[in-house]
Every structure is written in structure tokens, then in C-alpha cells.
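Trainee: A structural model of the following input is requested.
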Amino acid sequence: MSTPLPTFDESWHQVTPRRVRLRPGVEIHAQRFRGQRWYVLRDHLSGKFFRVRPAAYTFITEMERSANVGEAWERCMTAEPDHAPGQGEVVHLLSQLHRAGLLRSDVEGDVEGLAEVFAKEKQRDAVQRWTNLLFFRMPLWCPDAFLRSTAWVGTAMFSRWGLLLWLVLVGWGSAEVVSNWAAFATDSSGLLGAANLLWMYVVMVVIKVLHEFGHGYACRRLGGEVPEMGVMLLLFNPLPYVDASASTAFRNKWHRILVGAAGMLVEIGIAGIAAIVWSHSGTGAVHNLAFNAIIAASVVTLVFNVNPLLRYDGYHMLSDWLETPNLQGRASQMMLHLTDHYLFGLKSSRSPAETTGEGIWLAIYWVCSWAYRLMITFGILLIVSLNYLGFGMLMAVVFGFMWVVLPVIKSIQYLLFSPKLERCRLRACGVSGGLVAVVLAFLVLIPMPYYFRAEGVVRAEPFARVYVGVDGRMAKLLVPSGTLVKQGTPLVELENAELSHEKDLLKGQVALAEAHQRLALDTDPARYASMKSYFLALALRRTRLEEDTRALTVLAPCDGLWLAPDAFQYQSNMLPRGLELGVVQNTEAFAVSAVVRQDDVSRLFTPEQVHGTEVRVRGQEGRMLGVASFNAIPAERQDLPSAALGILGGGKVAVENPGAQGRRQTSSGAMTSDDEGRHAKEPIFEIRALLQPDASVKLLHGQRVVVRMTLESTPLAAQWWRSLRQTFQRTYKL
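Mentor: Down below sits the predicted model:
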């Protein structure tokens with residue numbers, strides 16, 4: 001896919017009489033990338049690497065024994081006429097090597113020119129460091145001598161026994177976290193508290209130091225040098241880094257991948273040790289430090305280091321695995337080439353990709369990387385601003401300058417002053433302006449479909465739970481689960497011997513009381529009158545016993561489908577009063593009860609804005625149900641229609657911590673409460689809708705659904721602005 005440079009070049013006469021050599025100290029290492037032979041030029045002075053093809057390598061070697069550039073090129077043409085580089089490629093190669101400071105020539109002032117190249121390179125590095133605050137580096141120390149003197153550490157770490165120990169620690173630590181997950185979730189609630197931030201930072205610095213030493217020991221273990229260690233600024237936090245770029249010269253790509261993964265392997269091992277300490281320690285400093293170590297060594301590693309869309313360890317591992325050095329740079333060059341060649345009409349633009357397929361995935365990688373960095377930036381800003389609003393606003397200003405202002409300025413400078421666009425500058429400016437106008441018009445002027453959603457649950461009409469009315473032993477399940485029943489149909493037969501004994505005892509007490517009453521009628525009229533209240537108590541007791549006797553037969557409370565999948569397990573078991581046996585629900589008429597947040601309530605009670613309502617059932621999203629009637633209740637409330645809509649039940653509504661009162665026992669034997677997990681933290685509004693029947697959708701009482709209400713079409717800019725404003729109002733109470 002890459003566009004070859006011309007065989008003959010108009011500037012060839014300027015370079016052909018020059019005698020050019022590689023600078024002393026530049027080494028050449030042969031490597032294979034994707035089945036092709038390449039050569040890597042390594043400059044020990046600057047620590048930079050430069051990759052060239054075999055044809056360019058042949059030309060470089062010919063320069064060492066030729067009088068000038070022209071003679072070296074002629075030697076290449078004579079030796080390999082089919083593979084020799086063209087004049088344009090030679091000029092391009094010499095230009096790149098000169099900018100990298102890898103060449104020396106026979107021209108006077110070469111040392112001064114070389115110094116100027118290094119000065120410009122340092123200036124570019126400084127500008128890049130200050131403009132990319134996510135990856136700012138400051139070198140402090142050369143750790144190579146220390147790593148050589150303690151090489152036994154790297155030998156032990158990267159051995160079979162070291163791998164076995166690592167697996168044991170990680171497996172043991174993971175098991176401890178899983179088995180103590182409730183306590184782990186509780187401890188995480190105070191992770192970003194002001195009292196914990198200092199300890200979190202200290203733990204992170206220590207872990208990152210060990211992380212970087214992991215890279216260093218792996219690089220030294222495989223024969224590389226580690227010339228630099230220092231501090232980098234990660235989200236305004238100074239953290240250590242080590243320069244293990246010597247691994248770039250390793251011929252085996254798996255050795256390069258191991259160096260990239262070494263730091264993360266160290267962190268995961270530390271996380272395993274910390275998890276073991278955390279689970280076996282009581283409340284205190286050690287417990288808190290261990291928990292911070294788990295988070296710093298696992299979550300931070302997964303978000304930043306492992307992800308190949310950021311230029312950290314995962315990025316370098318992906319580049320080595322794909323055998324594509326400078327992956328992000330080539331992806332950026334690919335997007336610039338696509339823009340220049342296809343939008344601006346710059347036909348001389350050269351693609352950095354070798355094939356069409358490579359060009360496609362380079363472009364895809366650039367888009368994904370850009371989107372992920374934008375997403376992670378917004379996520380960090382949101383998390384920080386929730387706890388420290390002032391600092392979050394400062395970060396937002398800095399990132400806004402980096403992500404919006406600076407790219408716009410650079411783009412304008414490129415359009416107006418880039419020499420490459422000299423012949424197509426008018427088209428480039430016109431196309432850019434037209435694209436901006438089209439995008440703005442699309443976002444601001446063109447109405448787009450607009451929806452808002454509400455979480456809800458299905459309600460059968462009617463629906464009733466079936467409970468045990470009196471203590472008793474299940475004698476017989478009269479109706480199997482899944483049977484249609486009528487109201488009053490006997491479902492379960494219970495027996496209670498104590499109830500029969502109590503009835504017999506009551507009969508004896510009544511007979512004895514009647515005898516005493518007849519005796520008192522003749523001898524003690526006052527006692528006779530006082531016994532009326534006693535007979536009333538006996539009558540009430542008889543009524544209660546009769547009701548309990550009738551309750552031994554559990555009846556269907558309404559017409560519908562009898563659902564009791566666990567009832568057969570209680571055969572011949574003693575069942576307590578209040579135990580839920582199952583439910584009876586209608587199978588023909590179903591309604592939806594959904595909750596709407598305060599953000600959307602203004603649209604809910606403006607009937608002309610809601611143009612349609614659709615319902616999708618969780619697990620059956622492929623089918624859409626219509627609504628026969630729709631009713632919004634114009635009163636705020638905090639009790640959810642079902643605990644399934646709260647966070648504790650798997651929904652999205654934040655709820656208060658459940659209380660212990662009002663608990664009852666379910667058919668599974670667990671104690672629960674009708675109010676548990678149903679009290680929302682913020683007021684909500686309820687909507688009720690009667691569903692249109694659809695034979696292809698199976699509905700059950702309590703199923704979770706999503707209600708989508710269609711609003712009047714609105715431009716995307718207005719939709720996004722409303723969502724952003726609501727987010728700020730809800731999050732920061734503005």
C-alpha cells in the first residue's frame with residue numbers, strides 16, 4: 001500500500017558529491033518483523049533506535065567504502081538492480097538519518113551541525129514532555145551498575161521457580177478476595193477519602209518503583225542495558241520510570257514482550273501478597289495499607305499499563321507482538337496520509353503502511369486509541385471532581401487546552417503554513433472548512449431521534465403471593481406448579497396435631513366453665529356475672545382455632561397461574577406461619593411499573609413531547625411490546641415498585657441501606673423484607689402502562705423491562721447539552 005518514492009529525484013545533485021558515514025557509536029542489529037528481514041540502528045549516545053529495510057542497509061554499508069553518496073548508490077544499482085533504492089528513497093533516508101543525528105559528513109562544521117541536531121532533538125523532546133502531561137519524564141539516575149551487581153534478583157525472578165511462586169501468590173490472593181468480596185466492597189467505599197489519599201499515593205509510589213525495577217531486571221537478564229531511571233508525571237502525580245528501550249534490539253520478540261510485561265507481573269504478584277495480608281489482618285494500618293496495595297497493583301495496572309491504547313506497557317507489548325515498532329506514530333501518520341491524499345488531494349503523500357490491510361488496522365487503532373484516551377480523561381476528571389471540585393476544574397482547563405485548543409492551533413498552522421500543502425492549500429482549507437461546517441450543521445441544525453428510558457418491572461393483573469397461614473406440616477401438594485387455578489382452589493394441604501389437641505382442650509375447658517356457671521347461678525350470682533367475659537375469651541379462642549383449621553388448606557387468592565417451583569421440597573416438612581410458597585398470577589393481562597428520574601420528569605408530564613412508548617423485556621430484547629394505555633403519576637416518591645429496580649436487586653437506582661425491620665421468610669428459607677433495597681436515595685416518579693399482548697414474548701410477574709419513550713426529534717448538540725447540564729446538576733448539585 002505504501003507509495004514508492006521516484007527513482008530519480010530533483011535534489012539528487014545536492015547529495016551525490018557528499019561523503020556520508022554513520023556516526024561512531026551507532027550499532028546495527030538484524031531482526032525479523034512479520035517474516036521480513038529488517039535492520040535496527042541503535043545510537044548509544046542518544047538512546048534512539050531507527051529501523052531500515054535490507055535495501056537501505058545495503059546502501060548504508062556501501063557508504064562506508066565509497067567516496068560519496070553517488071558512488072554508493074551506483075554500487076547498489078550494480079549489485080542488486082532490482083532491489084536497490086531509488087534516488088528519492090536515498091534522499092528521504094539521508095534526511096531522516098540526519099534529523100535523527102546518526103550521520104557524519106565530510107563538510108566542515110559537521111560537529112556544529114551535529115550539535116545543532118541534538119539541540120533541536122532535545123527541544124522537541126522538551127516541548128513534547130510539557131505538552132503531554134500524561135507522559136512527562138525527568139531522568140534522574142543511571143541504574144545499570146546497580147542492576148548488574150544484583151543480577152541474582154533478576155535470575156531468581158525470571159526462572160521456573162519464580163514463575164511457580166508467582167502463580168501460587170496470584171491464585172491464593174485471588175481466592176482470598178473472592179471469598180471476602182463483601183468486606184472488599186465495603187473497604188473500597190473510603191478509597192478516595194481525604195484521610196486515605198496520602199497512604200494510597202505512598203503505596204502507589206513504592207509499587208511503581210518495584211514495577212520499574214521489574215522492567216530493569218528483565219532487560220538486564222536478557223542482555224540489555226538500562227541507562228536511565230527517573231520520574232514521570234502521570235495525571236500530575238510524580239511516579240518513577242525506567243528506560244528499558246534496549247530491549248528494542250532483541251532479536252526474539254518474546255524477549256521484548258517479556259521486558260514489557262515484567263513490571264505488570266511484579267505488580268500482580270504484589271497484589272496477590274497484599275490480598276493475603278489484607279484477608280488475614282484485623283482493622284488497622286496494616287489492613288488499610290494492604291488494601292491500598294491491592295487496588296494500586298491491580299486496578300491501576302489494568303486501566304493504564306495493560307491497555308494497549310495508551311502508550312504504556314500494553315502498547316509496547318502489542319507493538320512487539322504485531323512486530324510493528326512505533327505503532328501509535330505510524331497510526332497517526334496513516335491518518336495524516338489519508339487526510340492529505342484523499343481529502344486535500346496531495347498525490348505525493350506516502351503511506352506508512354506496507355499493505356492495505358495494515359493501513360486499515362492502523363487507522364482503526366488510531367480511532368480506538370483516541371476515543372479511549374478521551375474516555376479515560378473524562379472518567380478521571382469526573383472521579384477527581386466528585387471529591388475535589390476545584391482541582392477537577394483545574395484539570396479540566398488543562399485537558400481542554402491539550403485536547404481542544406492546542407490541536408486546533410496546530411491544525412490551523414498546518415493548513416496555512418505547511419510546505420507540503422503549497423500546491424493544494426486552497427483545496428485543503430476549503431475541504432477543512434466545509435467539513436467543519438457540515439459537522440456543525442449536522443450537530444446543531446438537523447433534528448435526530450430523541451429518546452429517554454426508564455427501568456421497570458412487569459406486573460401481572462391480578463397477582464398475589466401465597467403464604468402459609470398457620471404453622472403446619474405439609475401433607476400434600478394438591479396442585480402442581482404451572483397449573484391454571486380459580487380463586488379459592490385448594491393448593492396445599494397442611495396438618496397440625498397440636499392444633500387438634502388444642503381444640504380438644506378447648507372443648508374440655510368450655511364444658512368445665514359451663515358446669516361452674518350452672519353452679520354459680522344458684523350459689524354465687526356475682527361470680528356468674530363475671531364469667532361472661534371468660535366465655536367471651538373462649539369464644540374468641542374457638543374462632544381463632546377454626547380459622548387456623550381452615551388455614552391448613554392453602555387456597556388460591558385469585559384466578560391465574562399457580563407458580564411454586566420449590567413447593568415440592570417441603571413435602572412432610574414443618575412450615576412456619578408466613579412462609580411464601582409461591583405466587584398466583586394472571587397470564588393474559590400484564591402491566592409495567594417503571595421509575596423516572598427527576599432529570600426526565602419535566603418531559604414526562606408534557607404530553608405533546610412524548611410521541612410513543614415501547615417496552616423491551618430483559619432477556620427477550622429482540623421483541624418489542626406496545627403500550628395500550630399510559631399513566632404518569634404526578635407525585636414524587638422514594639419507595640420503588642420493586643427491589644429489582646434498586647442497585648441491591650441488580651437495577652440502576654441508588655437505594656438506602658436496608659433495615660432489619662419488617663423481615664419475613666421466603667420459600668428458600670432466607671429472611672428478607674418487603675422494604676429491603678426499595679427506598680431510593682433520591683425522589684423518583686412512577687409511570688404505569690398496560691402492555692399490548694404478544695404471543696411471542698413470554699411475560700412473568702417481576703421481570704425487568706426497559707421502557708423507551710420517544711420524544712420530539714432534536715439536534716444532537718441540544719441533546720448532548722441537556723445531558724451534560726443534567727449530569728452537572730445531579731453530580732455537583734449546581
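
Trainee: So residue 373 versus residue 399, what's the distance?
Mentor: Residue 373 sits 10 Å away from residue 399, going by CB to CB, to the nearest Å. Just so you know, the C-beta spots here come from the backbone N, C-alpha and C atoms, and that holds for glycine as well.

Trainee: sorry, that was for residue 682
Mentor: In this structure, residue 682 and residue 399 are 29 Å apart, going by CB to CB.

Trainee: Just want to know which of these two has more residues nearby.
Mentor: Neighbours were tallied for residue 682 and for residue 399 using other CB atoms under 10 Å; the higher tally belongs to residue 399 (18 against 12).

Trainee: Look up the pLDDT of that one for me, please.
Mentor: Residue 399 carries a pLDDT score of 79 in this model.

Trainee: Could you do residue 334 as well?
Mentor: According to the prediction, residue 334 has pLDDT 90.

Trainee: Next, count neighbours for it.
Mentor: Residue 334 is flanked by 23 other residues according to other CB under 10 Å.

Trainee: Please apply the same query to residue 702.
Mentor: Here the count is done by other CB under 10 Å, and residue 702 has 14 residues near it.

Trainee: so who does it touch?
Mentor: With contacts taken as CB atoms under 8 Å, 6 or more residues apart in numbering, residue 702 has the following neighbours: 457-458, 642, 644.

Trainee: Swap in 10 Å and give it another go.
Mentor: 457-460, 463, 583, 585, 642-644 (CB atoms under 10 Å, 6 or more residues apart in numbering).

Trainee: From those, pick the one nearest residue 331.
Mentor: Each of those was checked against residue 331 using CB to CB; the closest is residue 644, at 44.4 Å.

Trainee: how much space between that closest one and residue 339?
Mentor: With the distance defined as CB to CB, residue 644 ends up 50 Å from residue 339.

Trainee: So if I had to pick from these two, which one is more boxed in?
Mentor: Under the neighbour definition other CB under 10 Å, residue 644 and residue 339 were set side by side, and residue 644 has more, 20 against 16.

Trainee: ok, and what's touching the helix or strand where residue 638 lies?
Mentor: Secondary structure from DSSP states H and E places residue 638 in strand 637-639. Contact with strand 637-639 is made by 595, 653, 655-656, 674-675, 678-686, as judged by CB under 10 Å, 6+ apart.

Trainee: Okay, and which of these map to strands?
Mentor: 595, 679-686 (DSSP state E).

Trainee: returning to what we had before: the strand holding residue 638 pairs with which strands?
Mentor: The strands beside strand 637-639 in its sheet (DSSP bridges) come out as strand 679-691 (antiparallel).

Trainee: quick one: buried residues of the partner strand?
Mentor: Of all the residues in strand 679-691, those buried under the rule 16 or more other CB atoms under 10 Å are 679-680, 684-691.

Trainee: gap between it and the chain center?
Mentor: Shown here is strand 679-691, whose average C-alpha point lies 28 Å from the average C-alpha point of the whole chain (CA atoms, centre = their mean, to the nearest Å).

Trainee: pLDDT (mean, whole number) over it?
Mentor: When the per-residue pLDDT values of strand 679-691 are averaged, the result is 82.

Trainee: Show me what secondary structure element comes after that strand.
Mentor: strand 704-714.
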